[in-house]
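>>> below are the sequence and a predicted model; questions follow.
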Amino acid sequence: MLLGDMSMGAVGSYLKKHSEALVKDVGIEAACELTGKSKATLGRYYSHNPEHLDRFMPIDAVAHLEEAASYPHVTAALAELKGITLSYDDRRRNSDDRSGGVNADVIALSQRFAILMAEYSQSIEDGIITMNEAKRLLKETVALQQVLLDMKLHLEEETT
């Protein structure tokens, strides 16, 4: 999904959808506390009502909420709109904790890919991928991406 391929209204709708996901991830009460905004104000940021179509969450509020969230919803949406791929590691581990080297990465890569294919096969059985199935596929895709990033880091270590 690239910004140039979408109308202004579609971009706004896409950002509002991800703003709502961010607030729901953190929880409305916690989001109010973190941003200093009321429930009504936060609601306006992701409302699709015509009177709120031009209202968006301020970037500082996004930053505070994404710090507390399980995933950087708005940042990821903005990156996707520009065709940028982010590498998100929710494990937040130290670089010294990547043990096993490239051989272990290849095994992990094979395992993660098998899990992704099993999830896909199960999801597509009835010809429809539901929202929950898509979320599971996304989770496995991100896990696969992380294994590839670990592998890349190990290969870079071996070439320096």
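Yes, it's here.

>>> name the helix or strand for Glu33, please.
helix 28-35 (DSSP states H and E).

>>> what about the helices in this structure?
Along the chain, counting by DSSP state H, helices occupy 8-26, 28-35, 39-46, 59-68, 73-81, 101-124, 131-158.

>>> lowest average pLDDT across those helices?
Among the helices of the chain, helix 131-158 carries the lowest mean pLDDT, at a mean of 87.

>>> walk me through the domains of the protein.
3-81, 95-158 (automatic domain parsing).

>>> re the thing from before, export the helices of the chain as a markdown table, with columns for mean neighbour count.
Every residue, glycine included, has its C-beta placed from N, CA and C. Formatted as a markdown table, the helices of the chain follow (neighbours: other Cβ atoms under 10 Å):
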| stretch | mean neighbour count |
| --- | --- |
| helix 8-26 | 18 |
| helix 28-35 | 16 |
| helix 39-46 | 17 |
| helix 59-68 | 16 |
| helix 73-81 | 19 |
| helix 101-124 | 14 |
| helix 131-158 | 14 |
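
>>> and these: which comes nearest Leu53?
Evaluated over these, closeness to Leu53 peaks at helix 8-26, with 6.2 Å, by Cβ to Cβ.

>>> which elements pack onto that closest one?
For helix 8-26, the contact count by 3 or more Cβ pairs under 8 Å, 6 or more residues apart in numbering; DSSP states H and E identifies helix 28-35, helix 39-46, helix 59-68, helix 73-81 as packing neighbours.
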